[in-house]
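S.K.: quick one, what's the 3D model for this:
(chains A, B, C and D)
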Number of protein chains: 2
Amino acid sequence: MIEAHLKKLRIRDDVSPEEESAIRALVSEVREYRPDKVVIRRGQELNESILLLDGWMARTKDLSDGGRQIIAFPLPGDCVGLRSALLLTSDHCFSALTDIVVSRVEASRMMRIFNEFPRVGAAILWAVSRDEAMVVEHLVSIGRRSAIERTAHFFLELWERLRLVKLTTDNEFACPLNQYVLADALGLTAIHVNRMLRQLRERKLLTLKERKVIIQNLPGLKALAGYHDR
Amino acid sequence: MIEAHLKKLRIRDDVSPEEESAIRALVSEVREYRPDKVVIRRGQELNESILLLDGWMARTKDLSDGGRQIIAFPLPGDCVGLRSALLLTSDHCFSALTDIVVSRVEASRMMRIFNEFPRVGAAILWAVSRDEAMVVEHLVSIGRRSAIERTAHFFLELWERLRLVKLTTDNEFACPLNQYVLADALGLTAIHVNRMLRQLRERKLLTLKERKVIIQNLPGLKALAGYHDR
DNA sequence: CGACGCTTTGACACAACTCAACAACCGTGG
DNA sequence: CCACGGTTGTTGAGTTGTGTCAAAGCGTCG
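M.R.: Below you'll find the predicted structure:
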């Protein structure tokens, strides 16, 4: 299950056997969670980071009025809560969307890896930086794109990320998000998400059905979303 | 001018004379920029980070349709582009809003500080993590708060940050942002920002006049914004 | 079977955007 | 000196996108 993470690091540059075993050694205490279980509570003290091995997570922030905003969806291979480990406390929470498998990594052990295998450390830091770039892109989406553009853009980004860890087949991918979850991520209501999905379907750009996304017209979708590859 | 930065680090914990001089030594090549000058271009290769000593900056991302989103406003004492230095390239740009004074810090030298003075390194990392927490808070604002709440929340956050570096007097602070800039930060139109400011003024909560913000009713403003201190 | 979670749809309300115009202020130059 | 354009702020009228409310359809599961 660590494979996904390795795949991701390999994207950046080749990994030596020693480095690979160092990464494998990180995976110590493997745990599983059921959907909706909270993995890192808001305000929780942390001296460890979490490697997501399988399943989908949500990084969310709740408001006092009952609403919530989903910041990001960590996918298999993503390193969760590294920053929180630095701050020693998290101001938002991470929970499981599906059944998930994670591995807890002590912050101190992580630091040792950084020293012994600088390239692995750099790869992890790079992954964390990429996470932050994604949050920024999300901010831009919500701030300056219309609901339809936002929705299209969101699925394109998801597709790109899932492709990196080989979780797509052709122009399809499994997607466990329901319309309420999508709404909390996109800054819309579930009802409006439904309308946007219908529009994408009627325009023959993308279909979400039975927890599966089918991209029917990639160029069209990119044009609509104003999506640019990196 | 390095004072602002030192002040900020002192908030976290006391700084020894050696550490202080190490930080001072970071400030090597001091440069100045005029308003609207771009300090870090989008896509620029980077092997250095930037310490803002004086003035206001904007971290922005431009869209293909001409719009733009302001991600954050770096203030004196903030460390800019550390993440970008890790990624070796920035996907958005940093520009001067006012006359600014910055100091360039080579990434390698920064790394050396991290090793020699772990506590200083931790303080800087902590500041960077705090930056990311602010981006997340900004995302929540735009995604789930109404225009009026968002506007109120924005000024409260600004006030808090400026207080840290002693740039507030009483319930006032200088604020060089015009309504167009505010609009690009809040994900609104300049015209609507104007209406929200009027409403805040009429409700006797906050007034922005001649580049100066006066907070007239702090509790009222916090209640409106749903603002919680950390 | 009923209960529940999720999706879909319609009618309507309202927040925010668009367009258009004007006022105040500045520096510049005739 | 005033005329001028450029920038910023202000306001109103009308439009549109998105939210709200209400209801129904449709699986699945106990």
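S.K.: Three-state assignment for the most centrally placed residue in chain A, please.
M.R.: Per C-alpha atoms, centre = their mean, the C-alpha nearest to the average position across chain A is that of A:Pro74, at 2.5 Å. Reducing the assignment to helix, strand or coil with DSSP: H, G, I helix; E, B strand; the rest coil, the entry for A:Pro74 is coil.
S.K.: tell me the pLDDT of the residue nearest to A:Ala96 when sequence neighbours are not counted.
M.R.: On the basis of C-beta to C-beta, 6 or more residues apart in numbering or on different chains, the spatially nearest residue to A:Ala96 that is not a chain neighbour turns out to be A:Tyr33, at 4.3 Å. Any C-beta I mention is one placed from the backbone N, CA and C, and that applies to glycine too. pLDDT, the model's per-residue confidence, is 94 for A:Tyr33.
S.K.: which element follows the lengthiest helix in chain A toward the C-terminus?
M.R.: Longest among the helix segments of chain A by residue count, using DSSP state H, is helix A:118-144. Per DSSP states H and E, helix A:118-144 leads on to helix A:147-164 as the next helix or strand towards the C-terminus.
S.K.: my read: the residue nearest to A:Ala96 touches A:Asp99, true?
M.R.: Yes - with contact defined as C-beta atoms under 8 Å, A:Tyr33 and A:Asp99 form a contacting pair (7.4 Å).
S.K.: compare these two (neighbour count), which wins?
M.R.: Here A:Tyr33 and A:Asp99 are set side by side on neighbour count (other C-beta atoms under 10 Å in any protein chain shown), and the busier one is A:Tyr33, at 18 against 14.
S.K.: list the beta-bridge partners for the more buried one.
M.R.: Assessed by DSSP bridges, A:Tyr33 has beta-bridge partners A:Ile100.
S.K.: roughly how far apart are it and chain B?
M.R.: When distances are taken as C-beta to the nearest C-beta, to the nearest Å, A:Tyr33 and chain B turn out to be 22 Å apart.
S.K.: can you check A:Val102 too?
M.R.: Distance from A:Val102 to chain B, counting by C-beta to the nearest C-beta: 21 Å.
S.K.: tell me which parts of chain A are close to DNA strand D?
M.R.: Applying C-beta under 7 Å from any atom of the strand, we find that chain A lies next to DNA strand D at A:146-148, A:187-189, A:191-192.
S.K.: can you flag the buried ones in the residues you listed?
M.R.: A:147-148, A:187-188, A:192 (16 or more other C-beta atoms under 10 Å in any protein chain shown).
S.K.: so which residues on chain A come close to DNA strand C?
M.R.: Residues of chain A lying close to DNA strand C by C-beta under 7 Å from any atom of the strand are A:178-180, A:190-191, A:194-195, A:197-198, A:209.
S.K.: thinking again about what came up before, show me the contacts for the residue nearest to A:Ala96.
M.R.: With C-beta atoms under 8 Å, 6 or more residues apart in numbering or on different chains as the criterion, the residues that contact A:Tyr33 are A:39, A:96, A:99-100, A:102.
S.K.: please apply the same query to A:Ser90.
M.R.: Contact partners of A:Ser90, counting by C-beta under 8 Å, 6+ apart, are A:40-44, A:46, A:81, A:84.
S.K.: before we move on, back to that, from the contacts of A:Tyr33, which two are the most distant?
M.R.: Farthest-apart pair in these is A:Val39 and A:Asp99; separation 12.4 Å (C-beta to C-beta).
S.K.: how far out from the middle of the chain is the helix or strand containing A:Arg31?
M.R.: The secondary structure element spanning A:Arg31 is strand A:29-33 (assigned by DSSP H and E). Taking C-alpha atoms, centre = their mean, to the nearest Å, one finds the center of strand A:29-33 at 18 Å from the center of the full chain.
S.K.: now swap in stretch A:169-185 and tell me
M.R.: Per C-alpha atoms, centre = their mean, the displacement of stretch A:169-185 from the mean C-alpha position of its chain is 12 Å.
S.K.: please apply the same query to stretch A:159-179.
M.R.: Shown here is stretch A:159-179, whose average C-alpha point lies 11 Å from the average C-alpha point of the whole chain (C-alpha atoms, centre = their mean).
S.K.: what do you get for stretch A:91-101?
M.R.: Relative to the chain's own centre, stretch A:91-101 is displaced by 11 Å; criterion: C-alpha atoms, centre = their mean.
S.K.: what sits up against it?
M.R.: Judged by C-beta under 8 Å, 6+ apart, the contacts made with stretch A:91-101 from elsewhere in the structure are A:1, A:30-43, A:50, A:52-62, A:71, A:73-74, A:80-81, A:176-177, A:181, B:133, B:136, B:230.
S.K.: using CSV, write out every CA atom in that stretch.
M.R.: As requested, C-alpha coordinates have been extracted for stretch A:91-101 and formatted as CSV (Å, rounded to 0.1, in the frame of the first residue of the first chain):
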residue,chain,number,x,y,z
ASP,A,91,-6.5,24.6,13.5
HIS,A,92,-8.7,22.4,11.4
CYS,A,93,-9.5,18.7,11.2
PHE,A,94,-8.8,15.8,8.9
SER,A,95,-11.3,13.0,8.6
ALA,A,96,-11.9,9.9,6.5
LEU,A,97,-14.3,10.1,3.6
THR,A,98,-14.1,6.4,2.7
ASP,A,99,-12.5,3.5,4.5
ILE,A,100,-8.9,4.5,4.8
VAL,A,101,-5.5,3.1,5.7
